[in-house]
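Asks: Okay, sequence plus prediction incoming.
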Amino acid sequence: MVLYYMQTDTDGCSASLASLTRETGPKVVRGDPARKGEAAAKTAPAAAPPAPQPHHHHHHHHVAPTISVSDSSLKFTHVLYNLSPGGSFITATGALATLSGAKTGRSPRDKRIVKDEAAAQELWWGKGSPNIEMDEHTFLTNRERAVDYLNSLDKVFVNDQFLNWDPENRIKVRIISARAYHSLFMHNMCIRPTEEELESFGTPDFTIYNAGKFPCNRYTHYMTSSTSVDINLGRREMVILGTQYAGEMKKGLFGVMHYLMPKRRILSLHSGCNMGRDGDVALFFGLSGTGKTTLSTDHNRLLIGDDEHCWSDNGVSNIEGGCYAKCIDLSREKEPDIWNAIKFGTVLENVVFDEHTREVDYTDKSVTENTRAAYPIEYIPNAKIPCVGPHPKNVILLACDAFGVLPPVSKLNLAQTMYHFISGYTALVAGTEDGIKEPQATFSACFGAAFIMLHPTKYAAMLAEKMQTYGATGWLVNTGWSGGRYGVGKRIKLPYTRKIIDAIHSGELLTANYQKTEVFGLEIPTAIEGVPSEILDPINTWTDKAAYKETLLKLAGLFGKNFEVFASYKIGEDSTLTEEILAAGPKV
C-alpha cells in the first residue's frame, strides 16, 4: 500500500490506519514509488499529496518524468504518464472536474453521533435536533470496515491540516481518503500548513476515515441505508462509508467545531464575514439562496471568509482555508471572483463539460443542481490573509422572504437578534402538484441547524453576550419579495440591497430615524440614500392592504409555531432571558 503523505511522521500515520483487532498498520511509503526517483526522493523535502499547489509559494517540487523513450524500435502498447486520477478530468481553465457518484449532496438522515455519557449530557437530542444517535460498538464496527477497506487499496491519501486561523485555537486534523479528489478538496478547504508546521505536526486532534467508495453494512444496528457518516466525539474520529460527496468531510468537521469551540467559550458560526478598509467587520448569516455569498463578496471590502467562522476574545477568524462556492448558472459578469478562481488547483464537483473543448456548461443541471467549486481562499483577490479580523461591528441576518411582508432592512435589539438567530428564517419557492408555486417557510436554527451540536439557545446566548461586550448591532435584511408575495410582488433589486448593506457598513443607519412595524415590532429606517423610501415599509408597496395584513399574520403564526420547540428551554440564570427572547417575537 502506498500512502501519499504530507508529513515526515510516517509512524503516526501507520498508527492511524491500524486495525483495532490486528493492532499494526500498513507499511508507509512516502511519495510515489512508481516514479522510481528513489535517490531524488531520499534527498527531497517531505512529499505533498498529488495535489496541485499553485498558490503555495514555499513548496517547489520539480519532478521529471522517469520514462525515457530512446529506442525508436520499441513498440509501446500503453504509455500512461501523469494522467488525471481515475474519474476526474482537467477542464479548459485547468480545474479538476470530478464526479461524486450517486450522492451529489449531504445525507443528513444517514449521519450519526455516538451517544456516550458525555454526549448524552452535552449535546442537543430529540425533536428538532440534527443529532441522531448510535452506540460505540456500532461506530467501531463501521470504523473497522472503513479501515479494512482503506488498507486493501494500493494507495491512499493522507492530509495533515489545520482548522481555524486563530493560532491560539487551531485544531489539527488528519484526513485519510481513498480518492485523490477528496485529498485535493480538503487540501483546498482546510488551512495548509508550512513545511515547518508539518515537521512538528504531531498527533492530530481529529481524524477522518473517508472510505466513501465502500458501502456500510445495512444490517448493522442504527443503519438505514448503505451510507453512513459517523462522528465519535470521545475518540475524536469520523468515519464515512457509502458516499463520495466531498462536502460531508467539510461539514462534518464544521459540526465538530460547533462542539469543540464553545468548550473554549468561542462561538462557532455558519456565516460569511468581511472587513472594511477601516477595520470594521460584518458577519452575514443566511440560509441557501438568501445572498450570503453575494453580499459578503464586496470589492470595496476584504473577504475574511464565506461560510464558517469563530468569534473569540481575539476577534473573528475563518475556520477554513478555502471556499466551496455554488456553480449553478455561474457567469463571469455576475460573479467574476468565483469565475476567475476556477483554475489550476480548483476542484469542480459534478459539473458537465464538453468532452472536446473541456468548456464547462454551468447551466447544466443534469448531474445535480448542487454543482460546486472548491478553491483556496488565496484565489480570491481581495481575501484577507491571514483570515482573521477584529470584533464585528454589525451582525446581519439575511432572509429571502417570498411572502413579501418583511421590511428590506430593520434594526434589531439584542432580544430580537436572538429570536431571529434562533429562528433562522427564509422562505423557499416550492412547486406544488398542480404547478402553482407557493412560498414555503423554512426555519433552520442558528442559520445552520444541520451542523449544530448543542441546543440553539446556547449559541444564541453566546452571540448576545459577545454582541453586548463588543458593541455590535443586529440587522434583519430581506433580500426577497416586495409589493406582494412570490408571483404577485417583485424581488427586491440587488442594487437596493447593496445600498442598504453599504449604509449599515458606513454607520449611516445608526443615525437614521426609525418607526416601528406592527406584528413583528421591527424598527425600520424612514430614508436610506439611493433606496426609494416607499419600499422601506412593506405595507406601502402592497396594493391589496387586506392581503398584506393576512399574509403578515400568517407568517407571524409560522414563526410562533416554529419557536414552540425552544420556548420551554431555560436560558440565563433565572430564565429571564427566555422570557425576553419570547417577548421579542411577533405579536399575533
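Replies: Thanks, I have it.
Asks: just the strands in the stretch 301-450 of the chain please.
Replies: 302-305, 308-312, 315-318, 322-326, 347-349, 352-353, 360-361, 372-376, 388-389, 392-399, 409-412, 425-431, 437-443 (DSSP state E, counting those that start in this stretch).
Asks: so where's this protein uncertain?
Replies: Scanning the chain for pLDDT under 70 picks out 1-9, 21-86, 430-436, 570-577.
Asks: and the longest helix for it?
Replies: Using DSSP state H, we find that the single longest helix of the chain is helix 545-567.
Asks: Mind giving me the packing neighbours of that helix?
Replies: Under the contact criterion of 3 or more CB pairs under 8 Å, 6 or more residues apart in numbering; DSSP states H and E, helix 545-567 touches helix 414-423, strand 437-443, helix 538-541, helix 576-583. In short, each C-beta sits where N, CA and C put it, glycine included.
Asks: Tell me which of the ones you listed sits most buried.
Replies: helix 414-423 (a mean of 24; mean count of other CB atoms under 10 Å).
Asks: Show me what that helix is in contact with.
Replies: 285, 395, 397, 412, 443, 445-447, 456-457, 459-461, 463-464, 467-468, 474, 476, 521-522, 559, 562-563, 566, 577, 580-585 (CB atoms under 8 Å, 6 or more residues apart in numbering).
Asks: Give the buried subset of the residues you listed as a ChimeraX selection command.
Replies: In ChimeraX, this line selects whichever of the contacts of helix 414-423 come out buried by 16 or more other CB atoms under 10 Å:
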select :285,395,397,412,443,445,446,447,456,457,459,460,461,463,464,467,474,476,522,559,562,563,566,577,580,581,584,585
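Asks: which residues touch residue 489?
Replies: 404, 481-483, 541-542.
Asks: Highest neighbour count among these?
Replies: Neighbour counts for the contacts of residue 489 (other CB atoms under 10 Å) peak at residue 404, which has 29 neighbours.
Asks: Hmm, residue 492 and that one touching each other?
Replies: No. Residue 404 is beyond contact range of residue 492, at 9.2 Å (criterion: CB atoms under 8 Å).
Asks: So for the two, which residues contact both of them?
Replies: Contacts common to residue 404 and residue 492, judged by CB under 8 Å, 6+ apart, are 480-482.
Asks: Pick out whichever of these sits closest to residue 437.
Replies: residue 481 (12.1 Å; CB to CB).
Asks: Which strand residues bridge the closest one?
Replies: Judged by DSSP bridges, the bridge partners of residue 481 are residue 491.
Asks: between the strands of the stretch 301-450 of the chain, which gets nearest to residue 527?
Replies: Here strand 409-412 is closest among the strands of the stretch 301-450 of the chain (CB to CB), at 11.6 Å.
Asks: That closest one - contacts with which helices or strands?
Replies: Going by 3+ CB pairs under 8 Å, 6+ apart, strand 409-412 lies up against strand 473-478, helix 494-506, strand 523-525.
Asks: Reformat these into a markdown table and put distance to residue 487 next to each item.
Replies: Output for the helices and strands packed on strand 409-412, formatted as a markdown table (distance: least, CB to CB, whole Å):
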| stretch | distance to residue 487 |
| --- | --- |
| strand 473-478 | 17 |
| helix 494-506 | 20 |
| strand 523-525 | 24 |
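Asks: hey, which of the ones you listed is tucked in deepest?
Replies: Scoring those by mean neighbour count under mean count of other CB under 10 Å gives strand 473-478 as the most buried, with a mean of 24.
Asks: ok now that strand, how far from the chain's centre?
Replies: Chain-centre distance of strand 473-478: 22 Å, with CA atoms, centre = their mean, to the nearest Å.
Asks: outside of that strand, which residues touch it?
Replies: 393-401, 406-414, 416-417, 420, 467, 492, 497, 500-501, 504, 509-510, 522.
Asks: Could you export that strand as PDB, CA atoms only?
Replies: Output of strand 473-478 as PDB, limited to C-alpha atoms (Å, rounded to 0.1, in the frame of the first residue of the first chain):
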ATOM      1  CA  THR A 473     -25.600  46.000  16.200                       C
ATOM      2  CA  GLY A 474     -28.000  43.400  14.800                       C
ATOM      3  CA  TRP A 475     -29.900  43.900  11.500                       C
ATOM      4  CA  LEU A 476     -32.500  41.900   9.600                       C
ATOM      5  CA  VAL A 477     -32.300  42.300   5.900                       C
ATOM      6  CA  ASN A 478     -34.900  40.900   3.500                       C
END
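Asks: hang on, the earlier thing: output the strands of the stretch 301-450 of the chain in a markdown table; the columns should cover distance to residue 131.
Replies: Output for the strands of the stretch 301-450 of the chain, formatted as a markdown table (distance: least, CB to CB, whole Å):
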| stretch | distance to residue 131 |
| --- | --- |
| strand 302-305 | 25 |
| strand 308-312 | 19 |
| strand 315-318 | 25 |
| strand 322-326 | 23 |
| strand 347-349 | 26 |
| strand 352-353 | 35 |
| strand 360-361 | 37 |
| strand 372-376 | 25 |
| strand 388-389 | 30 |
| strand 392-399 | 24 |
| strand 409-412 | 29 |
| strand 425-431 | 22 |
| strand 437-443 | 17 |
